[in-house]
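K.L.:
Requesting a structural model of the entry that follows:
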Amino acid sequence: MGLAQKITTAIIGLLVLVGAAIGIFSYNTAYRQVEAAVGIELVGCANITTGLVNPGDIEALLKGDGSGLAALEERLNWTVEHKSLFKEVFILSLDGTIIAADQNLKARGYKAGDAFFFDPDAQEMIKSRKHSMYSSVFTFDNTSLMTGYGPIYKAHDPNNEIVALMAINFDASIIHERTMDIVKMPFITGAVVFFVAAAAVYLYIGIRIRPLAALSARVHRVSEGDLTVQPLNYRSKDEIGSLARDFDEMTQNLRTLIAEVNHASGQVASSSVQLSAGAQETGRASEQTVSIIQELTDGAEQQLNQLEDSSDGIHVISEHLTEIARNSEHVLEVAAHSSALADEGGKTIALSNDQMAIVYNKVAALSAIVHDLNSLSHEIESILDIITAIAGETNLLALNAAIEAARAGEHGRGFAVVAASVRKLSERSAESVGQISVLINQILRQMENATITMEETSAEVAKGTELVRSAGQAFGGIEQSAGQTMLAIEGVSDNAVSLSQQAEKLAKAMERLVEIANTTVGGAQSMSAASEEQLAATEEVDASAAMLSSLAEKLQAQVERFKI
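P.N.:
Numbering: from 1, shown residues only. Have a look, this model is predicted:
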């Protein structure tokens, strides 16, 4: 899975969680509102239908006179026949006993005198405050119901005691159906918007990450020694653009450095070959000298004088050979130091690449958080405006209903109860506004998290910049070491010239020794010993030159790995 797909998956996952939370909250809110509306409707109809029964008939039934039960139940049947939305209508005593039941309740096996569920909270409210009430959704006899209770006062006078309750059952499954009808279209619209947004996010992230893919390919080529990569020419002013420009500059500097090191290694190799050739030539000359000296028998005094001159020349050669050895050792140290610096530079570049990857992840994460929080803020502001408008309109409707109820006098008492319930609904809407305010505060905290992420990103960028600077310094050290290698090789070359001059002087002295070779055997033996020492020193010079040549070849082989 690519980086763009990973980031898109994370963002979509976050959007799904947020959408699910909003969907659950919206469903619960709508469900509660529908439930409250049903309760208000049930209470209103229960209050209205109390006018269809005579409290005196109910009192007679409670005393055991069942003569009026059939007529009373017929009136209850009339109610459900004209209001099919209601499941069952029955009259309930304050202790939860059925006084009269309609045909629907009888069809389920209940009749007058049977006990039926009476919501405890509603029962307590009715007994203490003597006004209508509706229950919460409950399950009784494997049926989900909601019941509205309307008090039947003695002589229909609210100031008198409650004789019984007009109870209307409502099929609670309809509440879920009505709620789904309300939220279905917003859910569908939200899903469409979600998929469109997900596609847009994926395309946008792919466009933004595309330069990183090209940069990664070029970094891979450079890591394999290919410095012929073309510049990216990415002109964006963000972190990715800055990284691309720094990489182009680093590649150009590395290409220049490798070219200079390659040239220097070639010169070192050439000089070491010349030095080796000179040492071999000197060795051959020394061998001839030893052979000639062994034949010397005469001219002891002249041979001694010539030997003194030869000794001085050999001493000079020895000094030069010592200097050559020191220069060779210095060359080895410089080459080792250059290798260490190159290794350090490679590690620093690798760390820089990792650090730049961390910087991008931080920037992407911050962008996703800020984007999501902005979207949430706008959506919640819209919801808050709608709920506030609904609450205002509901309060206004409640006020108008109360005024109309007051005008209607006694006949408007039931309507007054409805107005009071509507006012409660508006208060619950106000509570919803409070809940949304809490949600807004949570979003503000998320914005603080986004700020923290921004600070972390800045710190990571600083680290990346420092690492790139370290890489530049490391490769600067390599360039300086290469310069020192050049100076050391020049010293070797100068000493080789001097050694050649001294060798010529020694050859002339040996020619004189040929003329007086027979004068002294002892002098010849001394000269032979000196010549052998010279031959050994020459062999050492040859070995040092060979080692220097080998090191130069290795350095050149490493440099040739790079294509410039």
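K.L.:
What sits closest to residue 556 if chain neighbours are left out?
P.N.:
residue 265 (4.2 Å; Cβ to Cβ, 6 or more residues apart in numbering). (C-beta placed from N, C-alpha, C; glycine too.)
K.L.:
what's around the one you found, how many residues?
P.N.:
Residue 265 has 24 neighbours, counted by other Cβ atoms under 10 Å.
K.L.:
for residue 149, same thing?
P.N.:
By other Cβ under 10 Å, the residues close to residue 149 number 24.
K.L.:
and it, helix, strand or coil?
P.N.:
Using DSSP: H, G, I helix; E, B strand; the rest coil, the secondary structure recorded for residue 149 is strand.
K.L.:
all strands of the stretch 151-300 of the chain, in order?
P.N.:
Here the stretch 151-300 of the chain has its strands, by DSSP state E, counting those that start in this stretch, at 162-171, 297-298.
K.L.:
of all these, which lies closest to residue 351?
P.N.:
In terms of Cβ to Cβ, the element of the strands of the stretch 151-300 of the chain nearest to residue 351 is strand 162-171, at 69.5 Å.
K.L.:
Quickly run through the sheet partners of the closest one, with directions.
P.N.:
Within its sheet, and counting by DSSP bridges, strand 162-171 is paired with strand 88-92 (antiparallel), strand 143-153 (antiparallel).
K.L.:
Send over that strand as CSV, restricted to the C-alpha atoms.
P.N.:
The C-alpha trace of strand 162-171 is given here as CSV (Å, rounded to 0.1, in the frame of the first residue of the first chain):
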residue,chain,number,x,y,z
ILE,A,162,-59.7,11.4,39.6
VAL,A,163,-62.2,8.5,39.0
ALA,A,164,-60.1,6.6,36.4
LEU,A,165,-57.8,7.1,33.4
MET,A,166,-58.5,7.1,29.7
ALA,A,167,-55.5,5.0,28.4
ILE,A,168,-54.5,4.9,24.7
ASN,A,169,-51.8,2.4,23.5
PHE,A,170,-49.6,3.3,20.6
ASP,A,171,-47.5,0.8,18.6
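K.L.:
What's the separation between the residue nearest to residue 556 and residue 226?
P.N.:
19 Å (Cβ to Cβ, to the nearest Å).
K.L.:
what residues go with each domain of this structure?
P.N.:
Listed by automatic domain parsing, the domain ranges of the chain are 1-216, 239-374+454-559.
K.L.:
ok, of those domains, where does mean pLDDT dip lowest?
P.N.:
Least confident of the domains of the chain, judged by mean pLDDT, is domain 239-374+454-559 with a mean of 66.
K.L.:
Going along the chain, name the helices of the chain.
P.N.:
Secondary structure of the chain (DSSP state H): helices at 3-49, 55-62, 69-82, 103-107, 120-129, 173-223, 239-293, 300-408, 413-515, 521-559.
K.L.:
on contacts alone, who are the packing partners of the shortest one?
P.N.:
Counting contacts by 3 or more Cβ pairs under 8 Å, 6 or more residues apart in numbering; DSSP states H and E, helix 103-107 packs against helix 69-82, strand 88-92.
K.L.:
Dump these to a markdown table, plus distance to residue 7 and mean neighbour count.
P.N.:
Putting those into a markdown table (distance: least, Cβ to Cβ, whole Å; neighbours: other Cβ atoms under 10 Å) gives the following:
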| stretch | distance to residue 7 | mean neighbour count |
| --- | --- | --- |
| helix 69-82 | 60 | 16 |
| strand 88-92 | 57 | 26 |
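K.L.:
Quick one: closest of those to residue 63.
P.N.:
helix 69-82 (12.4 Å).
K.L.:
which other residues reach the closest one?
P.N.:
Here helix 69-82 makes contact (Cβ atoms under 8 Å, 6 or more residues apart in numbering) with 49, 52-53, 57-58, 61, 86-91, 100-104, 112, 168.
K.L.:
Go again with 10 Å.
P.N.:
45-46, 48-49, 52-54, 57-58, 60-61, 66, 86-91, 99-106, 111-112, 166, 168-169 (Cβ atoms under 10 Å, 6 or more residues apart in numbering).
K.L.:
So residue 103 sits against residue 110, correct?
P.N.:
No - look at residue 103 against residue 110 with Cβ atoms under 10 Å: they stay out of range, at 11.0 Å.
K.L.:
Turn the helices and strands packed on helix 103-107 into a markdown table, including distance to residue 394.
P.N.:
Below are those laid out as a markdown table (distance: least, Cβ to Cβ, whole Å):
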| stretch | distance to residue 394 |
| --- | --- |
| helix 69-82 | 28 |
| strand 88-92 | 29 |
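K.L.:
For residue 32, which non-adjacent residue is closest in space?
P.N.:
Per Cβ to Cβ, 6+ apart, closest to residue 32 is residue 428, 7.5 Å.
K.L.:
for residue 424, same thing?
P.N.:
Here the residue nearest residue 424, using Cβ to Cβ, 6+ apart, is residue 36, at 7.9 Å.
K.L.:
can you give me phi and psi for residue 53?
P.N.:
phi -120, psi 150 (degrees, to the nearest 10).
K.L.:
how near is it to residue 207?
P.N.:
Counting by Cβ to Cβ - residue 53 and residue 207 are separated by 74 Å.
K.L.:
Same question for residue 29.
P.N.:
From residue 29 to residue 207 the distance is 39 Å (Cβ to Cβ).
K.L.:
Give me the more crowded residue out of these two.
P.N.:
A count of neighbours by other Cβ under 10 Å puts residue 29 above the other of residue 29 and residue 207, at 20 against 10.
K.L.:
from memory the more buried one sits against residue 186, does it?
P.N.:
No - Residue 29 is beyond contact range of residue 186, at 11.6 Å (criterion: Cβ under 10 Å).
K.L.:
For the two, list the residues in contact with both.
P.N.:
Joint contacts of residue 29 and residue 186 (Cβ under 10 Å, 6+ apart) do not exist.
K.L.:
okay, now the residue nearest to residue 424: neighbour count?
P.N.:
Counted with other Cβ under 10 Å, residue 36 comes out at 16.
K.L.:
before we move on, what about residue 343?
P.N.:
Residue 343: 11 neighbours (other Cβ under 10 Å).
K.L.:
Make 26 the first number, not 1, from now on.
P.N.:
I'll keep to 26 as the first residue from here, and by that count the last item is residue 368.
K.L.:
What separation is there between residue 207 and residue 57?
P.N.:
For residue 207, the distance to residue 57 (Cβ to Cβ) stands at 12 Å.
K.L.:
And residue 97, by the same measure?
P.N.:
Where residue 57 is concerned, residue 97 sits at a distance of 35 Å (Cβ to Cβ).
K.L.:
show me what contacts the closest residue to residue 84 other than its chain neighbours?
P.N.:
With sequence-adjacent residues excluded and distances taken as Cβ to Cβ, 6+ apart, residue 84 is closest to residue 188, at 5.9 Å. Shown in contact with residue 188 (Cβ under 10 Å, 6+ apart): 75, 78, 80-84, 86-87, 116, 118-119, 124, 176-181.
K.L.:
Separate out the buried members of those residues.
P.N.:
75, 78, 80, 82-83, 86, 116, 118, 124, 176-179 (16 or more other Cβ atoms under 10 Å).
K.L.:
Since that was my last question, I'll sign off now.
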